[in-house]
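Asker: how would this look folded up:
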Amino acid sequence: KEMHGSAWPKTGATLALMWLKRGLKFMLVLLQSISDGERDEEHPNLIRVNAMKAYEIALKKYHGWMLQKLFTVSCSCLHGGKQLFLKPKKGKDVKEEESVEKIHQFLSRVTPILDAIYEMYTKMNAELSYKA
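Answerer: Numbering: from 1, shown residues only. A predicted model of the protein is given here:
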């Protein structure tokens, strides 16, 4: 903050961490949505619903019109992604409940860390709301 003066927080590690925390929030909301059982009833193995929810909450407000549309189109190309999260051991029979429990454990450990980073940005008045 002292080194960059008036250019802070638009430079350096502060800016990079800001985008990293937004990406992490996207991932956490996506995982939480999957573990909560939210799904498209017509296509239960797809993660479009989960990805769109995560995008709406974590990233959309920071993206301009073009990136928002690009993300929406990208989501329509997602196929069978739920298996990546719920059955990660290829060739082994893993119950969905076990995978969901591991996701819950991960979320319980990572969420407080991300919350602390968000709180730090708020206290330092370092959050930028410009659109990419």
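
Asker: so where does Lys21 fall, helix or strand?
Answerer: helix 12-35 (DSSP states H and E).

Asker: relative to helix 12-35, how tilted is the helix or strand just after that helix?
Answerer: Per DSSP H and E, the first helix or strand lying C-terminal to helix 12-35 is helix 48-58. Interaxial angle, helix 48-58 versus helix 12-35 (axes from the mean of the first three to the mean of the last three CA atoms, to 10 degrees): 140 degrees.

Asker: which elements pack onto helix 48-58?
Answerer: If contacts are counted by 3 or more CB pairs under 8 Å, 6 or more residues apart in numbering; DSSP states H and E, helix 48-58 sits against helix 12-35, helix 65-75. (Each C-beta comes from the backbone N, C-alpha and C, glycine too.)

Asker: any chance of those helices in a markdown table, plus mean pLDDT and mean neighbour count?
Answerer: Output for these, formatted as a markdown table (pLDDT from 0 to 100; neighbours: other CB atoms under 10 Å):
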| stretch | mean pLDDT | mean neighbour count |
| --- | --- | --- |
| helix 12-35 | 91 | 17 |
| helix 65-75 | 92 | 13 |
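
Asker: name the helices or strands packed onto the helix holding Lys21?
Answerer: helix 48-58, helix 82-86, helix 96-123.

Asker: distance from the chain centre to it, please.
Answerer: Remark: helix 12-35 is offset 5 Å from the chain centroid, using CA atoms, centre = their mean, to the nearest Å.

Asker: ok, and what's touching it?
Answerer: Under the contact criterion CB atoms under 8 Å, 6 or more residues apart in numbering, helix 12-35 has outside partners 1, 3-4, 8-9, 47, 49-51, 53-55, 57-59, 62, 82, 85-86, 100, 103-104, 106-107, 110-111, 114, 117-118, 121, 126-128.
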